[in-house]
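[1] Sequence and predicted model, in that order:
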Amino acid sequence: MSTIDTKPTHDVEAEAGVILTENAAREVKTIIEQQELDADNVRLRVGVKGGGCSGFSYILDLTETQKDTDEVFEQHGVKVICDPKSLLYLQGTTVDFKDEIMGRGFVFQNPNATTSCGCGSSFAV
């Protein structure tokens with residue numbers, strides 16, 4: 001298990017990594033507070049894994065574990081980490097949070113996805 005790395009963060013907008021909207025950052029901070037997690041050490045891991053109805057599924061996880069190879073981006077006071085393989089599929093992806101009548105949850109806008117499922121939790125490239 002790695003400790004939290006002090007690797008410099010990147011300007012996500014300039015490098016078009018994983019982009020967290022203000023709404024998403026606000027929700028992440030709310031979850032951290034509700035779960036009484038250590039806000040200074042918690043990172044939002046964004047990634048992909050094989051599976052889902054379209055080929056890949058998105059991963060969102062709050063963690064204190066960060067690998068030396070993880071890319072680190074800071075958006076609106078939230079540190080976002082992503083492994084290099086996932087970043088290949090998530091480059092330029094925006095993570096937003098929607099709270100609407102038809103449902104609430106995190107939404108991915110991935111410019112690399114050629115198709116996605118109806119629920120928006122999986123995609124193909």
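    It's in.
[2] Please count neighbours and contacts with C-alpha atoms only from this point.
    Will do.
[3] I'd like the distance from the longest helix along the chain to the chain centre, please.
    In the chain, with assignment by DSSP state H, the single longest helix is helix 22-34. Relative to its chain's centre, helix 22-34 lies at 12 Å (C-alpha atoms, centre = their mean, to the nearest Å).
[4] Tell me which residues of it come out buried.
    Of the residues in helix 22-34, 22, 24-29, 32 count as buried by neighbour count, 16 or more other C-alpha atoms under 10 Å.
[5] Stretch 56-73 too?
    56-58, 62, 64, 66, 70-73.
[6] Now pLDDT too, for those residues, in a markdown table please.
    Output for these, formatted as a markdown table (pLDDT from 0 to 100):
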| residue | pLDDT |
| --- | --- |
| Phe56 | 82 |
| Ser57 | 86 |
| Tyr58 | 88 |
| Leu62 | 97 |
| Glu64 | 95 |
| Gln66 | 93 |
| Asp70 | 95 |
| Glu71 | 94 |
| Val72 | 93 |
| Phe73 | 90 |
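[7] what's the most distant pair in those residues?
    Pairwise distances across the buried residues of stretch 56-73 (C-alpha to C-alpha) peak at 24.3 Å, for the pair Phe56 and Glu64.
[8] still on that earlier bit, and the longest helix of the chain, what other elements does it pack with?
    Counting contacts by 3 or more C-alpha pairs under 8 Å, 6 or more residues apart in numbering; DSSP states H and E, helix 22-34 is packed against strand 78-82, strand 94-100.
[9] Would you mind giving the ones you listed as CSV with mean pLDDT, distance to Arg43 and mean neighbour count added?
    Output for the helices and strands packed on helix 22-34, formatted as CSV (pLDDT from 0 to 100; distance: least, C-alpha to C-alpha, whole Å; neighbours: other C-alpha atoms under 10 Å):
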stretch, mean pLDDT, distance to Arg43, mean neighbour count
strand 78-82, 95, 5, 23
strand 94-100, 93, 15, 15
